[in-house]
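Undergrad: Have a look; sequence and predicted model below, questions after that.
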Amino acid sequence: MIRMPEPDSGLLARREEIVAALARIVPGEGVIASERERRAFECDALTAYHQLPMAVVLPDNTQQIVEILRYCKANRIKVVPRGAGTSLSGGSLPLADGIILGLGKFNRILEIDVANRCAVVQPGVTNLGITHAVQAHGLYYAPDPSSQIACSIGGNVAENAGGVHCLKYGLTTNNVIGVEFVTMDGEIIRLGGKHFDAGDYDLLGVMVGSEGLLGVVTEVTVRVLPSPPGARALLIGFPSIEGAGDCVASVIGSGIIPGGMEIMDKLAIEAAEAFVHANYPLDAAALLIVELDGCAAEVDHLIAAVESIAMEHGATSCRASRSEEERLLFWAGRKAAFPAVGRISPDYYCMDGTIPRKEIGRVLSRLKEMERRYGLRCANVFHAGDGNLHPLILYDANKPGELQRAEDFGADILRLCVEVGGVLTGEHGVGVEKRDLMEAMFNETDLDQQQRLKCAFDDESLLNPGKVFPQLCRCAELGRMHVRAGQLRFPDLPRF
Amino acid sequence: MTDFRPSDEKQIAEIVAAAAAQKQSLEIVAGGSKRGYGRPVKADHLLDLSRIAGIVNYEAAELILTARPGTSLAAVKAELAAKGQMLAFEPPGWQSLFETNAEPTLGGVLACNIGGPRRARAGAPRDFFLGFSAVNGRGEIWKGGGKVVKNVTGFDVSKLLAGSFGTLSVLTEITLKVMPRPESQCTILLPALADEIAVATMAKALNTPFEVSGVAHLPAEAARRSSVAAVAQGRCAVTALRIEGPAPSVAFRAEALEELFGRGERLDNAASTQFWEEVGEARSLLPDGARVMWRLCPTPSRAAVAASAIKARLPAAETLFDWGGGLVWLSLDAAEAGADAGAAIVRGAMKSCGGHATLIVAPAATRERIAVFEPAPGPLAALKARVKAGFDPLGVFNPGRMQEGL
């Protein structure tokens, strides 16, 4: 298990005073202090980790956030921002001596601007809520994490959330064009807006995906896109995962970027089929779902092109959806893959590494070895277009030691991703979960430089500490320049 | 003043460390074609990255290209074209704009975050910048991001380095997401629309599901200067809509757009390619002579409002609209614009239009005197200064390039 920073006993002793001060800022039911009610906030979707926060504050306007952060800064109280609590990496895991700053009451759509194809929303609006608000205009919000019915856009900004349509339409960062946020010092800062490009340092680019370490986002302007006029999907069976992987490479190599492209392995196919009866080919070792979207002329043209590529790669079955119902049925199994795996195992642990796609064969055969070594099964679904793996490790938390083994197995998978040229996380974030693996991908200099960015926003490391970085940040030390005046290492500038 | 021409990353780190130790500053250039962009740099030495060049790795099926910053943009484009791919952000070279023969490089395009016409649909360089290796102002080699197309591990520092004009770190290796080049394209020309009608029409076109990948409006003067006969010959304003993709899809969408917006002249592949290159480079569509030029990024729907407010005060102003109005090129008569290059009028007009204005072409003395980039309000300016100090605490890199002291 990952260790969180030691709580400050002085702060814990002042709990009542702190709760009272916060209640003066957010009157009424905006401060949650009772243990029973705080329980609801003790974890997010990384359920293996939980911790009661000192208090939960639910402000309903930006000025309250300003005052909360100023108070917390003055009293050196740690702040963990929280959206809908669907983080899979423990991004909003509370701290014993910190408060949870919940953005749930920021749930209004502020403006829909059709001419500029954007919407201005508060951070607590759900991902799918944005699409619902703009769809009457023929528009939608493209990033679609599987939790989109529940997850908030503020959380999406914090985690740079992805989804199945990323390869073609980008992640959150490519679809957010402005934010307003409050710094730990209580300053309100606006970045971007309805216009293109930063025109200066692109701080918006680092706010997105900063996992709540840089500021508390209070408003988000998102790009919305015209909904594609149509979409069709192909359901393609392969006798091996490698065959499916090669097919994906050929599709992309031929110049086609599908709206979605997903691979499932045999265990995932079987679990999904047993759950939703999507008519998946049970004889296949790998199932590839390819979705093409656009106007009918384009979709039909590309469906034929992908079909012929699939046959060249030894597909054992290939079906194209003939109706919208059939397309949705093709997806139903994939979208239900996680709960489907939940039916065949008491618990599962969802991983999220990305690899260069060409390494898929090597990585999956190493996963087979690991399954034997750890004595745990692993089902695989992955966003094939961009090489984002979601191995689901099956375990039983009630069996002593199994959670630890699942975690060790997961860490090995992520180290393997880095070893073959990939990364620790494609879309779920580092959070608590992968914090201590950061050194597998970055050296100390890399991490120090990232932390100096953190220091520019939050010099006392009060915002969401204990996440992302394996070492707590010491800004004073990081800011020092190790230049010894008078005794220069370089007597003269070198010349090359 | 020394010209350093290091041949590897380690040498760059040594030069920077030595400069930092001696409190000396460095101007960073690769090809040098964008040296006129931003405020003039007054540095003790030149750090020339032209030998830090070459494509390190290109895997078409992975959509990944890794190259060093001194690699010429032309070489990158040629390599990608050979495998039917492209840089989706369609970077222009801007040699004519800056009146230079210097070679545009990949490093320059990233450092200045320059996207061409497809930016409105596909995104800017920052959207395709996946990872890098760099040297910070302490002379330390560090890396950020990754070499895969989907990655959220750690802060997304690539976004910050794109468009930082070499003031935060020296890029030594760049990894980009590349995209397939569409097999065909077609541009529909709509004649004689007034600016404000054109801006509304472009918004409408971008709101159709027909994936319009270029949306520009050339007022009559600009259209007349076009090298594409079909654009110039009408002697009237031209609004252009580009669609790209597989041939049957392009044919279908061209029909669909013409049904909505009326039948116009069509540019086929070759003419369409030539036209959008001209729009991205911009210079040849705007007047010659003693001019200063601005690049405005307003809220797109406010583009014509911003332009006409400026023209009301500076009648010799000319404009060119790209990105559906999200980008307005503004050319001012230098004498009419006056000592501040029109800054007060331009920035005043932009106040009600959102976004930002950058003075892109003006004499060095002017660019030194007035804010080239949009000035930030107090707390944001202070934050930016802290960010700069976090990367380059002694101010070794490109002093004054973005603003005095940064």
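TA: Received the coordinates, thanks. Source: prediction; values computed, not measured.
Undergrad: separation between B:Ser331 and chain A?
TA: 19 Å (C-beta to the nearest C-beta, to the nearest Å). Glycine gets a C-beta too; all of them are placed from N, C-alpha and C.
Undergrad: Let me see the contact set for that residue.
TA: Contact analysis of B:Ser331 by C-beta atoms under 8 Å, 6 or more residues apart in numbering or on different chains lists B:286-287, B:291-293, B:317-319.
Undergrad: Return the subset of those lying in strands.
TA: Counting by DSSP state E, the part of the contacts of B:Ser331 found in strands is B:291-293, B:318-319.
Undergrad: Sort out which one of those residues lies nearest B:Ala337 for me.
TA: B:Val292 (5.4 Å; C-beta to C-beta).
Undergrad: okay but the closest one is in contact with B:Thr358, surely?
TA: No. If you go by C-beta atoms under 8 Å, B:Val292 and B:Thr358 don't touch, sitting 11.8 Å apart.
Undergrad: Looking at the two, which is more packed in?
TA: Higher neighbour count among B:Val292 and B:Thr358: B:Val292, with 25 against 19, using other C-beta atoms under 10 Å in any protein chain shown.
Undergrad: tell me which residues form a beta bridge with the more buried one?
TA: Here B:Val292 sits in beta bridges with B:Leu332, going by DSSP bridges.
Undergrad: Tell me where the stretch 101-250 of chain A has strands.
TA: A:109-113, A:118-121, A:139-140, A:176-182, A:188-192, A:216-223, A:225-226, A:230-238 (DSSP state E, counting those that start in this stretch).
Undergrad: Spell out for me which residue occupies the centre of chain A.
TA: Centroid check for chain A by C-alpha atoms, centre = their mean gives A:His428 as the closest residue, at 2.8 Å.
Undergrad: I'd guessed that residue sits against A:Thr354; true?
TA: No. Taking contacts as C-beta under 8 Å, A:His428 lies outside contact range of A:Thr354: 10.7 Å.
Undergrad: tell me the helices in the stretch 151-300 of chain B, going along the chain?
TA: B:157-161, B:195-206, B:220-224, B:229-232, B:247-261, B:269-281 (DSSP state H, counting those that start in this stretch).
Undergrad: can I get those in CSV with distance to A:Gly466?
TA: Shown next, in CSV, are those (distance: least, C-beta to C-beta, whole Å):
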stretch, distance to A:Gly466
helix B:157-161, 21
helix B:195-206, 43
helix B:220-224, 56
helix B:229-232, 59
helix B:247-261, 50
helix B:269-281, 46
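Undergrad: does B:Leu46 sit in a helix, a strand or a coil?
TA: Following DSSP: H, G, I helix; E, B strand; the rest coil, we place B:Leu46 in the strand state.
Undergrad: Might one say that it is in contact with B:Ala30?
TA: No. Using C-beta under 8 Å, B:Leu46 is not in contact with B:Ala30; the gap is 11.4 Å.
Undergrad: Those two: which has the busier surroundings?
TA: Legend: neighbour count by other C-beta under 10 Å for B:Leu46 and B:Ala30, higher for B:Ala30 (31 against 16).
Undergrad: quick one, what contacts that one?
TA: Going by C-beta under 8 Å, 6+ apart, B:Ala30 touches B:48-50, B:52, B:69-70, B:105-108.
Undergrad: of the residues you listed, closest to chain A?
TA: Ranked by distance to chain A (C-beta to the nearest C-beta), the contacts of B:Ala30 are led by B:Asp48 at 9.9 Å.
Undergrad: Apart from its neighbours in sequence, what residue is nearest that closest one?
TA: Closest residue to B:Asp48 apart from its sequence neighbours, by C-beta to C-beta, 6 or more residues apart in numbering or on different chains: B:Arg5 at 4.7 Å.
Undergrad: Likewise for A:Gly154?
TA: A:Pro123 (2.6 Å).
Undergrad: and the gap between the residue in chain A that chain B sits nearest to and A:Asp352?
TA: Of all residues in chain A, A:Gly205 sits closest to chain B, at 2.3 Å by C-beta to the nearest C-beta. Distance of A:Gly205 to A:Asp352, computed by C-beta to C-beta, to the nearest Å: 21 Å.
Undergrad: A:Glu369: neighbour count?
TA: Using other C-beta under 10 Å as the criterion, A:Glu369 is surrounded by 10 other residues.
Undergrad: quick one: contacts for it?
TA: The contact partners of A:Glu369, taken as C-beta under 8 Å, 6+ apart, number zero.
Undergrad: In terms of pLDDT, where does it sit?
TA: In this model, A:Glu369 is scored at 95, pLDDT.
Undergrad: re earlier: just to be sure, which of the contacts of B:Ala30 are found in helices?
TA: B:106-108 (DSSP state H).
Undergrad: Next one, pLDDT for the closest residue to B:Arg51 other than its chain neighbours please.
TA: Spatial nearest neighbour of B:Arg51, excluding adjacent residues (C-beta to C-beta, 6+ apart): B:Ser7 at 4.6 Å. Predicted confidence (pLDDT) for B:Ser7: 96.
Undergrad: Go ahead and confirm B:Ser7 touches B:Ile52.
TA: Yes. Using C-beta under 8 Å, B:Ser7 is in contact with B:Ile52, at 7.3 Å.
Undergrad: Which one of the residues in the stretch 51-200 of chain B is closest to chain A?
TA: Distance from chain A to each residue of the stretch 51-200 of chain B (C-beta to the nearest C-beta) is smallest for B:Lys159, at 2.3 Å.
Undergrad: B:Arg138 versus that residue, what's the distance?
TA: Plainly put, B:Lys159 is 21 Å away from B:Arg138 if you go by C-beta to C-beta.
Undergrad: And the two? Which one has more around it.
TA: More crowded of B:Lys159 and B:Arg138, by other C-beta under 10 Å: B:Lys159, with 28 against 23.
Undergrad: so who does the spatially closest residue to that one that is not a sequence neighbour touch?
TA: Counting by C-beta to C-beta, 6+ apart, A:Gly205 is the residue found nearest to B:Lys159 once chain neighbours are left out, at 2.3 Å. Contact partners of A:Gly205, counting by C-beta under 8 Å, 6+ apart, are A:173, A:198, B:126, B:156, B:158-160, B:162.
Undergrad: thinking again about what came up before, list the contacts for the residue nearest to A:Gly154?
TA: Applying C-beta under 8 Å, 6+ apart to A:Pro123 gives the contacts A:83, A:103, A:106, A:152-155, A:157, A:217-220.
Undergrad: Show me which pair in those is furthest apart.
TA: So, those by C-beta to C-beta: farthest apart are A:Gly155 and A:Glu219, at 14.4 Å.
Undergrad: Looking at these two, which is more packed in?
TA: Set A:Gly155 next to A:Glu219 and count neighbours by other C-beta under 10 Å: A:Gly155 wins out with 32 against 20.
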